[in-house]
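A.B. asks: Quick one, structure for this:
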Amino acid sequence: MAAGDYRRTYEHARTDPEGFWAEAAQALHWDQPWDRVLDDSNPPFYRWFAGGRLNTCYNCVDRHVDAGRGDQAALIYDSPATGNQQTFTFTQLRDEVARFAGVLADLGVTAGDRVIIYMPMIPQTVIGMLACARLGAVHSVVFGGFAANELATRIDDAKPKVVLAASCGIEPGRVVEYKPLLDKAIDLSTHKPESCVIYQRPQAEAGLVDGRDHDWAASLGRATPADCVPVAATDPLYILYTSGTTGQPKGVVRDNGGHAVALHWSMANIYNVQPGEVFWAASDVGWVVGHSYIVYAPLLAGNTTILYEGKPVGTPDAGAFWRVIADHDVKVLFTAPTAFRAIKKEDPKGEHVSRYDLSGFRHLFLAGERCDPDTLYWARDMLGVPVIDHWWQTETAWSVAANCMGIEPLDIPAGSAGMPVPGYDVQVLDPQGNEQPREEMGDIAVKLPLPPGCLPTLWGNDDRFKSAYLERFPGYYRTGDAGYFDAEGRVWVMARTDDVINVAGHRLSTGAMEEVLAAHPDVAECAVIGVADAMKGQLPLGLVVLKSGVDRSKDELVAELVAKIREEIGPVAAFRQCVIVDRLPKTRSGKVVRATMRQLADGDEVKIPATIDDPAILDEIGRALNTVGYPAGN
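C.D. replies: All right, here's what the predicted structure looks like:
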């Protein structure tokens with residue numbers, strides 16, 4: 001690429017967004033062309049490709065078969081957890097998806113109906129997602145093994161006609177049975193799905209409930225393949241609930257048209273992969289990375305995608321990723337920094353790398369949390385390829401800032417998320433909503449309208465969409481992240497601005513954990529903070545004040561609280577430490593000073609708020625943190 005291609009592309013998208021995205025949309029199959037590229041008649045509810053009709057499943061699968069590429073591998077299932085591997089060509093994937101869409105149609109699923117998918121990293125999960133898209137139904141994938149009460153809140157919010165589930169998931173050294181969790185969730189939920197389809201895995205087969213549950217294989221054997229149903233570009237494709245929320249969850253809505261256009265564009269322009277090449281996102285389909293870059297984007301672009309049921313280490317060793325890259329000729333890998341920290345810990349000298357032929361591997365992309373420079377340098381040195389940290393969110397579905405390797409590779413220092421991606425007008429704002437000068441920290445926001453692919457609203461809750469994302473800075477989407485532009489215009493994302501912490505790339509609400517702790521009969525008040533962790537980025541730490549008169553073993557009580565978080569939020573929270581304290585430090589208005597406690601726990605310089613009620617409490621908190629191994633500040 002000639003120098004300046006990034007700037008020209010960015011300016012084209014900024015000055016003529018409708019022309020830019022109309023051109024990008026030509027690559028896809030449309031059953032009916034759009035009336036307007038951008039419908040801005042009802043701000044802040046902007047809609048892309050209004051009047052257009054298409055089918056996302058057709059564009060992911062059938063389109064490639066019709067173009068004569070049906071024999072190309074579409075999906076490679078690689079499962080060190082079970083020892084199985086399976087490859088689906090585009091023709092085979094189309095036929096499997098069409099048959100399973102027939103199963104859903106037989107159960108009464110039509111366009112607009114919701115289907116919850118509660119499954120592990122197996123081909124049937126991808127097939128279920130695409131089958132929903134084929135019928136125009138709206139899928140909502142819930143991370144396999146999520147706690148029953150969390151699943152219940154999602155059932156009540158999405159109101160699915162059908163739930164798809166596997167009998168179990170497989171983790172290193174253990175089998176996690178999903179069916180009892182699903183049964184409990186349905187018992188807890190007010191809304192009752194009409195049917196459940198259960199994929200039986202031999203590691204733990206599940207009993208079926210008469211009249212409600214259907215066996216996946218038996219249903220598939222009876223089904224007639226279903227055709228693709230064109231839907232409006234503005235119709236929802238899926239709902240994805242943000243992690244760790246309790247009460248009414250936030251269901252991010254993804255539309256069909258804008259999503260397909262943006263994700264298709266991203267594969268060549270950001271990740272620099274071409275049709276027929278192998279792309280691997282080492283994530284889980286329960287998270288947005290899995291939706292966007294295991295399932296939809298690679299298939300839209302005609303890539304071969306990898307579905308990996310395993311871990312970075314332990315399945316069987318710290319060379320697992322290199323084995324997959326070598327076996328399947330992976331050109332680009334996308335994963336979280338946490339995975340590389342785990343590999344680095346087990347194999348600091350990179351001895352496993354030399355066991356495999358990685359000569360065809362081109363790029364490593366990292367996202368999900370800020371990548372520390374040490375990990376980035378280690379990965380670059382071990383692999384000998386560019387390592388690109390980039391930044392995006394569940395809400396956006398694709399990159400807000402990156403080094404667009406397919407447009408023009410730029411010089412991006414370690415620690416930066418790269419340049420704003422074409423289509424995004426990224427700005428850093430002060431508390432009054434004014435643009436910050438370069439190098440000055442502020443709220444990172446994106447000027448409206450957001451580009452195609454980003455959330456148009458929250459499921460069934462336009463008011464919460466506005467209050468959560470748009471009201472703080474009118475005319476902008478507030479990302480909830482803080483950072484700055486450097487002198488060259490590169491984006492540096494430094495911290496969350498709210499109480500969401502990032503555990504191994506998973507955004508979790510400390511408020512949700514506090515709700516669980518506060519519900520314990522012996523707890524008077526509590527706070528949960530995210531503390532720095534070399535492996536996972538952050539880990540939650542609970543600080544709990546007991547009710548007067550409670551006379552119990554602290555160790556026993558802490559064990560109960562840890563177990564309660566695991567039960568109600570799920571193991572993904574990685575909540576393992578809780579400290580009993582006499583009181584919490586607060587401002588005079590009663591606000592707990594969480595940021596100050598986090599500084600204490602991390603051993604940072606402690607900035608005592610001017611409004612703190614009693615600074616001496618911080619000494620007590622420091623001593624308590626010291627007892628469980630935290631440095632307790634300077």
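
A.B. asks: Leaving out sequence neighbours, find the closest residue to Arg464.
C.D. replies: With CB to CB, 6 or more residues apart in numbering as the criterion, Arg464 has its nearest non-adjacent residue at 5.4 Å, and that residue is Leu458. Bear in mind the C-beta positions are built from the backbone N, C-alpha and C, glycine included.

A.B. asks: Return the backbone torsion pair for that neighbour.
C.D. replies: Phi and psi for Leu458, reported as degrees, to the nearest 10, are phi -100, psi 150.

A.B. asks: Kindly report the same for Cys526.
C.D. replies: Dihedral pair for Cys526: phi -160, psi 170, per degrees, to the nearest 10.

A.B. asks: now it, which residues is it bridged with?
C.D. replies: Assessed by DSSP bridges, Cys526 has beta-bridge partners Val544.

A.B. asks: State the pLDDT value of it.
C.D. replies: Looking at Cys526, its pLDDT stands at 85.

A.B. asks: about what we covered before: how many residues are close by the residue nearest to Arg464?
C.D. replies: Residues near Leu458, counting by other CB atoms under 10 Å, number 25.

A.B. asks: The one 5 residues further on now?
C.D. replies: Applying other CB under 10 Å, we find 10 residues neighbouring Asp463.

A.B. asks: Tell me the spacing between the residue nearest to Arg464 and Ile198.
C.D. replies: Separation of Leu458 from Ile198 (CB to CB, to the nearest Å) stands at 30 Å.

A.B. asks: Without its sequence neighbours, what residue ends up closest to Phe88?
C.D. replies: Leaving aside its sequence neighbours, Phe88 sits nearest to Leu75 (CB to CB, 6+ apart; 4.4 Å).

A.B. asks: Any idea how many residues pack against the closest residue in space to Glu96 that isn't next to it in sequence?
C.D. replies: In this structure, Glu96 finds its nearest non-sequential neighbour in Ile127, 5.3 Å apart by CB to CB, 6+ apart. The number of residues packed near Ile127 is 24, by other CB under 10 Å.

A.B. asks: hang on, Ile127 packs against Val97?
C.D. replies: Yes: here Ile127 reaches Val97: they are 5.4 Å apart, a contact under CB atoms under 8 Å.

A.B. asks: ok, now which ones touch Leu182?
C.D. replies: By CB atoms under 8 Å, 6 or more residues apart in numbering, Leu182 lies in contact with 118, 148, 151, 163, 165, 196.

A.B. asks: so it is in which element?
C.D. replies: If you go by DSSP states H and E, Leu182 is part of helix 179-188.

A.B. asks: What residues of that helix count as buried?
C.D. replies: Buried positions in helix 179-188, judged by neighbour count with 16 or more other CB atoms under 10 Å: 179, 181-183, 185-186.

A.B. asks: Take the residues you listed and write them to CSV, including distance to Val313 and pLDDT.
C.D. replies: CSV is the format used below for the buried residues of helix 179-188 (distance: CB to CB, whole Å; pLDDT from 0 to 100):
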residue, distance to Val313, pLDDT
Lys179, 29, 96
Leu181, 26, 96
Leu182, 30, 97
Asp183, 33, 98
Ala185, 31, 97
Ile186, 36, 98
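
A.B. asks: ok, those vs Asp156, which is closest?
C.D. replies: Nearest to Asp156 among the buried residues of helix 179-188 is Ala185, at 9.7 Å by CB to CB.

A.B. asks: The closest one and Gly145 touch, don't they?
C.D. replies: No: counting by CB under 8 Å, Ala185 does not reach Gly145; the two are 11.7 Å apart.

A.B. asks: For the stretch 151-300 of the chain, which segments count as strands?
C.D. replies: For the stretch 151-300 of the chain, the strands defined by DSSP state E, counting those that start in this stretch cover 162-166, 168-171, 174-177, 195-199, 213-215, 231-232, 236-241, 251-255, 278-281.

A.B. asks: Just the residues contacting the fourth one, thanks.
C.D. replies: For strand 195-199, contacts defined as CB under 8 Å, 6+ apart pick out 103, 107, 119, 122, 124, 161-167, 179, 182, 186, 206, 208-209, 212-217, 219.

A.B. asks: For those, I'd like a selection string for ChimeraX - just the buried members, please.
C.D. replies: The ChimeraX command for the buried members of these (criterion: 16+ other CB under 10 Å) is given here:
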select :103,107,119,122,124,161,162,163,164,165,166,167,179,182,186,206,208,213,214,216,219
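
A.B. asks: correct me, but Gln32 touches Gly51?
C.D. replies: Yes: under the criterion of CB under 8 Å, Gln32 makes contact with Gly51 at 7.4 Å.

A.B. asks: out of these two, which sits in the more crowded spot?
C.D. replies: Set Gln32 next to Gly51 and count neighbours by other CB under 10 Å: Gly51 wins out with 16 against 12.

A.B. asks: Just the pLDDT for the more buried one.
C.D. replies: As predicted, Gly51 sits at a pLDDT of 98.
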